[in-house]
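Engineer: Task: produce atomic coordinates for the following.
(4 chains)
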2 protein chains.
Amino acid sequence: MKAQAPPRRQPLSPDRIYRAALAIIDREGVESLSMRRLAAALGVDAMSIYHHVPSKRALMQGIYETVLGELPLPAPDDGAWQEALRALGRRFRALARRYPKVFPHLIASAEATAREIEIYQRLCAILTRAGLSAVDASRATRAIYTYATGLALVAATALCRRRRHQGASAPPDDARSRGEGEQDFAFSIELLIAGIERCLRAPRKAAARTRASGVSS
Amino acid sequence: MKAQAPPRRQPLSPDRIYRAALAIIDREGVESLSMRRLAAALGVDAMSIYHHVPSKRALMQGIYETVLGELPLPAPDDGAWQEALRALGRRFRALARRYPKVFPHLIASAEATAREIEIYQRLCAILTRAGLSAVDASRATRAIYTYATGLALVAATALCRRRRHQGASAPPDDARSRGEGEQDFAFSIELLIAGIERCLRAPRKAAARTRASGVSS
DNA sequence: ACGTCGACCCTACAGTGTAGGGTCGGGGCA
DNA sequence: TGCCCCGACCCTACACTGTAGGGTCGACGT
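Structural biologist: Sure thing, here's the model as predicted:
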């Protein structure tokens, strides 16, 4: 009323849109993100968004890439591959827990983001350097990717469930069960690492087993 | 015009509704399942459905339970736990591939179905009988559950992606890449089994490692 | 034969994604 | 300086969604 100085706060970039959408999803869940709602949060009309984002599907994809962009890649020349795996898993899990409402949809999304492919190749290189054969490294990478997928999904939905069933109350219980999830996570990672180590030591055997099972169905 | 004999084909049970919905989702994807669309497929008005199903959320949940109901439980007294694990994984994967359009949503759904819990307990019992301690069995079960989650999701989305990028053409290529996925699956299962076997042989070491890692973050 | 009841249909409403056209303010050129 | 153009924004409109509320009608117990 005194002075409505800037008729244009910011030129409404795609990144600003993604951030605002992410904030809404974080607060109210992905199903209550609508173009009008998002536009209102940006102080803008719904249709204006379409000048920077072609459709809601594309908006979602952009949100996913924004989130995944926060995942730091593992350095390829790290010392022990085991530690690299643990670190990557930890980061991935942390990201899933930072955006629990988006992550399931991100993961279930049918299109792969560029970041995903990058991470995949990085992992594969690490395992190859560790001594796995090309096929084994590729398979192990896919196995890790698969496991990470499940890991993120379970962590995120568990967090959502817990948040739903109790309010924002009982931080000690939350801390305890979070610690439990943390231990579960570490246990699972060790399970995978142990499997890969065994595969490293006896590649013939693993290959033979692989061929022996899973022909029917 | 000659004779519109049955004014009521069937009393429109919930199961019939779930089946019809499942058929639509299989054909056209989950986002194009609407109450009106479903009603049309059933030869009925949209609102009639609400006399058997309280809401669309409940409809979805019912669909998920219907799908999961097709998963045969592993017999608890099977011989080798390894084979039980392989069989369960195979069935789970097969189910994910039979309903690729629903499965991601089923898995990402925040509420657990009764069947899920049943399977969980069954698995835990198998691993305990195999010789794992109670905590280790429970953790391994959660790890397997996590992995199965990722497995199903990856298998389903891969199938969807492949179907989208090519039409219904090129069955040989499809068969080849399906075989590849099959081998990936077997490899991953063996990875997990190897990890559990190691955990069986040296429970101290695994526990120590678990405690050693993953404190930060 | 009548009352009751439950399964079904219809209308209506608020909310969704988005196509198409209108409006206005600032930059390139005479 | 004046003019034009163009791109960023807004508004209206449409076909669709889930679903609340009430109306209709056929079958059944007495």
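Engineer: And for the helix or strand hosting residue A:61, what's in contact with it?
Structural biologist: For residue A:61, the host element (DSSP states H and E) is helix A:56-68. Here helix A:56-68 makes contact (Cβ atoms under 8 Å, 6 or more residues apart in numbering or on different chains) with A:14-15, A:17-19, A:21-22, A:25, A:35, A:49, A:53, A:95, A:99, A:102-103, A:105-106, A:109, A:111, A:113-116. Just so you know, the C-beta spots here come from the backbone N, C-alpha and C atoms, and that holds for glycine as well.
Engineer: and that helix, anywhere near DNA strand D?
Structural biologist: No: Helix A:56-68 is not in contact with DNA strand D by Cβ under 7 Å from any atom of the strand; minimum separation 12.9 Å.
Engineer: For ChimeraX, what selects the buried ones among the contacts of helix A:56-68?
Structural biologist: In ChimeraX, a selection of the buried entries from these looks like this (16 or more other Cβ atoms under 10 Å in any protein chain shown):
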select /A:17,18,21,22,25,35,49,53,95,99,102,103,105,106,109,113,115,116
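Engineer: do stretch A:98-111 and chain B meet at all?
Structural biologist: Yes: if you take Cβ under 8 Å from any Cβ of the partner chain as the test, stretch A:98-111 does meet chain B, through A:104-105, A:107-111.
Engineer: of all of chain A, which residue lies closest to DNA strand D?
Structural biologist: Distances from chain A to DNA strand D, computed as Cβ to the nearest atom of the strand, single out residue A:47 as the nearest residue at 2.8 Å.
Engineer: check contacts around that residue.
Structural biologist: residue A:39.
Engineer: circling back to that earlier point, specify which member of the residues of stretch A:98-111 next to chain B is nearest to DNA strand C.
Structural biologist: For these, the residue nearest DNA strand C by Cβ to the nearest atom of the strand is residue A:105; the value is 13.6 Å.
Engineer: Next, the angle helix A:56-68 makes with the strand or helix carrying residue A:24.
Structural biologist: Residue A:24 is located in helix A:14-28, with elements delineated by DSSP H and E. On the basis of axes from the mean of the first three to the mean of the last three Cα atoms, to 10 degrees, helix A:14-28 is oriented at 80 degrees to helix A:56-68.
Engineer: Which elements pack onto helix A:14-28?
Structural biologist: If contacts are counted by 3 or more Cβ pairs under 8 Å, 6 or more residues apart in numbering or on different chains; DSSP states H and E, helix A:14-28 sits against helix A:35-42, helix A:56-68.
Engineer: hmm, the first one in reach of chain B?
Structural biologist: No: using Cβ under 8 Å from any Cβ as the criterion, no contacts between helix A:35-42 and chain B are found, and the smallest distance is 16.0 Å.
Engineer: Just to check, residue A:132 is in contact with residue A:200?
Structural biologist: Yes: the criterion here is Cβ atoms under 8 Å, and residue A:132 meets it with residue A:200 at 6.2 Å.
Engineer: ok, residue A:92 - contacts?
Structural biologist: Residue A:92 makes contact with A:71, A:148, A:151-152, according to Cβ under 8 Å, 6+ apart.
Engineer: Now chain A against chain B: closest residue?
Structural biologist: residue A:150 (2.9 Å; Cβ to the nearest Cβ).
Engineer: Name the nearest residue to that residue, sequence neighbours excluded.
Structural biologist: Distances taken as Cβ to Cβ, 6 or more residues apart in numbering or on different chains put residue B:150 closest to residue A:150, at 2.9 Å, once the chain neighbours are dropped.
Engineer: Where does that neighbour fall, secondary structure wise?
Structural biologist: Using DSSP H and E, residue B:150 falls in helix B:134-165.
Engineer: for that helix, what is the average pLDDT?
Structural biologist: For helix B:134-165, the mean pLDDT works out to 82.
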